[in-house]
Structures are given as structure tokens and as C-alpha cells.
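>>> Mind folding the following:
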Amino acid sequence: DPARDIDDPASSIFCTHGAGFEVKWDEVDSYAHLPLLNLRRADEPESVAAPRKIARSVADGGAPELEKELLAIFERTYGAIRRRDILPMQALRSDDKRELIRALEPAEEFVLVDGYNILFAWDELKELAKSNLDAARHVLMNLLCNYQGYRGCAVILVFDAYKVPLNLGTVEKYHNIFVVYTKEAETADSYIERVTYELRGRRKVRVATSDNLEQLIILGHGAVRVSAKSFHDEVFGT
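Okay, here's the model as predicted:
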């Protein structure tokens, strides 16, 4: 009985807003956004077909080819992404905010990015997220790598994972930026607020988010909020 196999379960994990949930094998079709094969129509522009094509690549196990394809599509549409030859992803020992700040010193400017807030505010990424959220996250990560290389600031990208049971949170170095997945019961907002508190009076801090409520708290810590639209112009203008 495949349903009783706990080592190789037949079910799938679907992700929504950073939280995963189990879907039985015979219910996948009702949850899936796209059929397994979804070919581009002759009259369909690449900007519309690309998210489906990328999602299919991931589903077929084409992860090594995914980043090349994503970069090719974005460079054709928005221009070349200039990236430095830098370190691969590395994990810190914990999600301790002070340890993260120490790892980023002596940067004079910190830019904290509310990951899902930005992702779903930018039309390019929001459209891709409908097909494959993980692909959209990686596009954002690569765009911010390019942004960091141009600006020279410390970039911390924070994603909510607070609804994932028993999640301890992770902090990983992805090329030249840090990517944070918050722990259970901790939102991206609260993580960003704690980091701005730790940095108050010591560094120039900017927070990319369109959350107006968060603005009140980070302003009290001396940080400046940058709207999703303004940050979009900064990133795509680099």
C-alpha cells in the first residue's frame, strides 16, 4: 500500500506563502496550478509562456538548467544581470541576529527586504509565483545579488516560514547576499524589526516593503522604508 510507505511517501508537498502542506497523490490535480505538459501556443509571447516553461523544468528535475533559463529570460526582457564571482550558499550556525550582523560587518549600509511582500508586489515575480513559487524566490535572490554587487551594501532577504511546524529558521549565504527563512511563530516583519533594532544608530538601514504598519516601528529604530515600487525601480535600474 503506497499510502503506508513512510520512507517514500506517494503524497506531495505544496507551498503557499512560505508554508508547506501535504497533498495526497490522488488529489494533486485539484491543487496543481498547471498540467504536467503545458506547451506554449504559437501566438503566445515568451513573457507569458516563460513561467509555465520554468515550472515544467523544475517538475522534470531540471534544477541545474533552471537558473540559466531564468537568467536568459530576464536578461532578454530587462537587460543583462551583472554578477560577481562570489561564494556559494553557506549556512550560519543559527538564526541569531547578532551573528548575522557580525558576518556583514563592516558594511556601512544595510538593506533588508521583506521577501514575499516584494515578490507579490512586483508583476514579473507575481506572475511567475503563480506557476512556481520556488522559481520566483530564486529570481528575486539573483536580482538582489546583482543589486548588491552594484550598490555594495549588505543585503538581507527575509522570507516568512512562521507557519511551518517545528521550523527552527535558517540563515544562508547565497552568493553575496544573506537569505533568511524565519522560524516557527516569527514573521518576516518581526525579524526585520529586531534587526533594525540591533543596528539602530550604528548603520544606515533601509527596509524594502510596502507594509505601512511596519514603517512605524522601523522609523523608531532609525531605519527608512522603501516602497516595493521604488525598490523595483532601484533593482531593475542597476
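>>> Mind listing what's buried along the longest helix anywhere in the chain?
In the chain, assigned by DSSP state H, the helix with the most residues is helix 133-151. Within helix 133-151, the residues scored as buried using 16 or more other C-beta atoms under 10 Å are 133, 135-149. (C-beta placed from N, C-alpha, C; glycine too.)
>>> just curious, which of those residues is nearest to Val179?
Nearest to Val179 out of the buried residues of helix 133-151 is Met141 (C-beta to C-beta; 6.2 Å).
>>> residue contacts, that closest one?
Leu157, Tyr174, Ile177, Val179 (C-beta atoms under 8 Å, 6 or more residues apart in numbering).
>>> which stretches of this structure form strands?
Ranges of strands in the chain, per DSSP state E, are 12-16, 19-23, 90-91, 109-114, 154-159, 170-174, 177-181, 204-208, 224-226.
>>> Between which two of the buried residues of helix 133-151 is the distance greatest?
For the buried residues of helix 133-151, the maximum inter-member distance is 25.1 Å, found between Leu133 and Gly149 (C-beta to C-beta).
>>> Pull stretch 201-216 out as PDB, backbone CA atoms only.
Output in PDB follows, covering the C-alpha atoms of stretch 201-216 (Å, rounded to 0.1, in the frame of the first residue of the first chain):
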ATOM      1  CA  GLY A 201      22.400  54.300  15.500                       C
ATOM      2  CA  ARG A 202      25.200  52.200  14.100                       C
ATOM      3  CA  ARG A 203      24.500  51.900  10.300                       C
ATOM      4  CA  LYS A 204      22.300  53.300   7.600                       C
ATOM      5  CA  VAL A 205      19.400  50.900   7.300                       C
ATOM      6  CA  ARG A 206      16.800  50.700   4.600                       C
ATOM      7  CA  VAL A 207      13.800  48.300   4.600                       C
ATOM      8  CA  ALA A 208      12.200  47.300   1.300                       C
ATOM      9  CA  THR A 209       8.500  46.700   2.000                       C
ATOM     10  CA  SER A 210       5.000  48.100   1.200                       C
ATOM     11  CA  ASP A 211       3.800  47.200   4.700                       C
ATOM     12  CA  ASN A 212       2.800  50.600   6.100                       C
ATOM     13  CA  LEU A 213       2.400  49.300   9.700                       C
ATOM     14  CA  GLU A 214       6.000  48.100   9.700                       C
ATOM     15  CA  GLN A 215       7.100  51.600   8.800                       C
ATOM     16  CA  LEU A 216       6.000  53.000  12.100                       C
END
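>>> In this protein, what helix or strand scores lowest on average pLDDT?
Least confident element among the helices and strands of the chain, by mean pLDDT, DSSP states H and E: strand 90-91 (a mean of 46).
>>> CSV please, covering the strands of the chain and showing distance to Tyr197 and mean neighbour count.
Putting these into CSV (distance: least, C-beta to C-beta, whole Å; neighbours: other C-beta atoms under 10 Å) gives the following:
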stretch, distance to Tyr197, mean neighbour count
strand 12-16, 30, 13
strand 19-23, 26, 13
strand 90-91, 24, 10
strand 109-114, 12, 23
strand 154-159, 14, 25
strand 170-174, 17, 18
strand 177-181, 15, 24
strand 204-208, 10, 22
strand 224-226, 15, 17
